[in-house]
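*Asks:* This is the structure alone, sequence omitted:
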């Protein structure tokens, strides 16, 4: 009855706050119940919808509303959109399948959103011993597939390949899914993206068509993580606005021609994310004369684990409207024992804007001639938002070269700042000979698991040097490290400087002050 309690809380807070404040508990409960009974059907329908579509709630608990009274049951069952979010999680039982069938029936003709989380927290990483196999996935597909004409969103999270293979096997005969807008297939095993790792299991290596290459006219968002599909089918991967390719084995990625065909079929692409490997490239022989132009792309998210490959891939793109750039070193999670130095990557990104030093001489000074890739064409001067995740550097001067190009940047987000990249944004005390401050238009800094003293110095030194360099919003979150204890001297100094601090200290017994990572 948790949903009923939340409903009563909503009514009490929003409608009856003033009228019940002076009543005893029993009188207040009676007043709320009577007031709920007088609510118009339209308002009850809106409230039911808020509960039914709350992503943090268990959808099954919503069924309790139909057992409160006849009127509530009639209102709930008459609105198919209240039952169009079907969530199944591991472990599965016949009861869960019966629940899915009930929701599909009650949703009538409404578009449906399907979310399947089949991950086992106790899995031992052996592909053959997982408790959720194709045999368990098959009855689920048989339940949902007859309603494919109503699918609006389909998200599938798995540990192993078999459930995704079963999904692709059953949907390969689908010729039309007229309402489908979002498909997300995630095999949550990041280690397949490691250098030299090949796709497993080899018995299921043969690629399967993604919806048989059907023309999915409303499909705008596709996220593929650790999967293996037939890439030579642009008709089903066209007109996308969001495309994510993450943590795939390098041997099952599209070749450059296939990748180019997919990109050209999505002229309206707004967000492209590539983590690990994109198209198959020969890093020993840079591609010359190939430009992948995405005229409408505004956000590029790129996770690298091989610097030469990263430079070669980024050198192919022509992104005139790029506004948001996310750069992450994923090597620390894919191959923890291998340390990837991002110095050359940042130098190459900065190469087209070096004024006093030519790109050739700088890159040669680093012991690696990057001029063979040509200068970067990414419009860093137009970017307003930058995220850096776990960037590791041998030469910290590369950060300054990089930041010098970001003349329009207003928001900077830093996660796991291993090399104190943030430190270079402080303004040193000196005379007129000091160089111009970096990122003069910067307004906001978000940090996670950072050195609090470094952040405090950046904030205070910029404010002291020039009021125009003052930051409007600064936050520091402690996610993997212990937060500063509220009331401590360090915490007080941060708050006094206008820095928001989030996280849970080791001595805290409550999660109330904890904020999830952005």
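*Replies:* Structure's in. What do you need? Owing to the predicted nature of the structure, the values given are computational and were not obtained by experimental measurement. Numbering: from 1, shown residues only.
*Asks:* drop to CA atoms for contacts and neighbour counts, all remaining ones
*Replies:* OK.
*Asks:* Was I right to think residue 334 contacts residue 195?
*Replies:* No. Residue 334 is not in contact with residue 195 according to C-alpha atoms under 8 Å; the separation is 9.0 Å.
*Asks:* Counting neighbours, go ahead and name the busier of the two.
*Replies:* Using other C-alpha atoms under 10 Å as the criterion, residue 334 and residue 195 rank with residue 334 on top: 19 against 16.
*Asks:* List the contacts of that one.
*Replies:* Residues counted as contacts of residue 334 (C-alpha atoms under 8 Å, 6 or more residues apart in numbering) are 190-194.
*Asks:* list the buried ones in stretch 111-125?
*Replies:* Buried residues in stretch 111-125, counting neighbours by 16 or more other C-alpha atoms under 10 Å, are found at 111-120.
*Asks:* Kindly reformat these as JSON lines containing pLDDT, distance to residue 269 and secondary structure.
*Replies:* What follows is the buried residues of stretch 111-125, written out as JSON lines (pLDDT from 0 to 100; distance: C-alpha to C-alpha, whole Å; DSSP: H, G, I helix; E, B strand; the rest coil):
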{"residue": "111", "pLDDT": "95", "distance to residue 269": "24", "secondary structure": "coil"}
{"residue": "112", "pLDDT": "95", "distance to residue 269": "25", "secondary structure": "strand"}
{"residue": "113", "pLDDT": "94", "distance to residue 269": "23", "secondary structure": "strand"}
{"residue": "114", "pLDDT": "95", "distance to residue 269": "24", "secondary structure": "strand"}
{"residue": "115", "pLDDT": "95", "distance to residue 269": "24", "secondary structure": "strand"}
{"residue": "116", "pLDDT": "95", "distance to residue 269": "26", "secondary structure": "strand"}
{"residue": "117", "pLDDT": "95", "distance to residue 269": "28", "secondary structure": "strand"}
{"residue": "118", "pLDDT": "94", "distance to residue 269": "30", "secondary structure": "coil"}
{"residue": "119", "pLDDT": "94", "distance to residue 269": "30", "secondary structure": "coil"}
{"residue": "120", "pLDDT": "92", "distance to residue 269": "34", "secondary structure": "coil"}
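*Asks:* Just the closest of these to residue 281, please.
*Replies:* Of all the buried residues of stretch 111-125, residue 281 sits closest to residue 119, with 32.5 Å by C-alpha to C-alpha.
*Asks:* Quickly note the distance from that closest one to residue 156.
*Replies:* With distances taken as C-alpha to C-alpha, to the nearest Å, residue 119 is found 10 Å from residue 156.
*Asks:* re earlier: PyMOL command for the buried members of the contacts of residue 334?
*Replies:* Of the contacts of residue 334, the buried ones go into a single PyMOL selection, burial set by 16+ other C-alpha under 10 Å:
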select buried, resi 190+191+192+193+194
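*Asks:* tell me the secondary structure for residue 258?
*Replies:* helix (DSSP: H, G, I helix; E, B strand; the rest coil).
*Asks:* do you know how far it is from residue 278?
*Replies:* Residue 258 is 11 Å from residue 278, by C-alpha to C-alpha.
*Asks:* what do you get for residue 419?
*Replies:* Between residue 419 and residue 278 the distance is 27 Å, computed by C-alpha to C-alpha.
*Asks:* swap in residue 107?
*Replies:* For residue 107, the distance to residue 278 equals 39 Å [C-alpha to C-alpha].
*Asks:* now residue 456
*Replies:* Using C-alpha to C-alpha, residue 456 is found at 39 Å from residue 278.
*Asks:* again, but for residue 176
*Replies:* From residue 176 over to residue 278 (counting by C-alpha to C-alpha), the distance is 28 Å.
*Asks:* again, but for residue 384
*Replies:* Relative to residue 278, residue 384 is positioned 25 Å away (criterion: C-alpha to C-alpha).
*Asks:* Tell me which of these two has more neighbours.
*Replies:* Neighbours per residue, other C-alpha under 10 Å: of residue 384 and residue 278, the larger number sits with residue 278, 24 against 19.
*Asks:* If you drop the residues flanking it in sequence, what lies closest to that one?
*Replies:* Spatial nearest neighbour of residue 278, chain neighbours left out: residue 253 (6.6 Å); criterion: C-alpha to C-alpha, 6 or more residues apart in numbering.
*Asks:* Now do the contacts for the one you found.
*Replies:* Going by C-alpha under 8 Å, 6+ apart, the list of residues near residue 253 reads 228, 231, 277-280.
*Asks:* Let me know the pLDDT of it.
*Replies:* Note for residue 253: predicted pLDDT of 93.
*Asks:* and if you look at residue 159?
*Replies:* Per-residue pLDDT puts residue 159 at 94.
*Asks:* burial measure for the nearest residue to residue 416 once chain neighbours are set aside, as a count.
*Replies:* With C-alpha to C-alpha, 6+ apart as the criterion, residue 416 has its nearest non-adjacent residue at 4.8 Å, and that residue is residue 390. Number of residues near residue 390 (other C-alpha under 10 Å) recorded here: 19.
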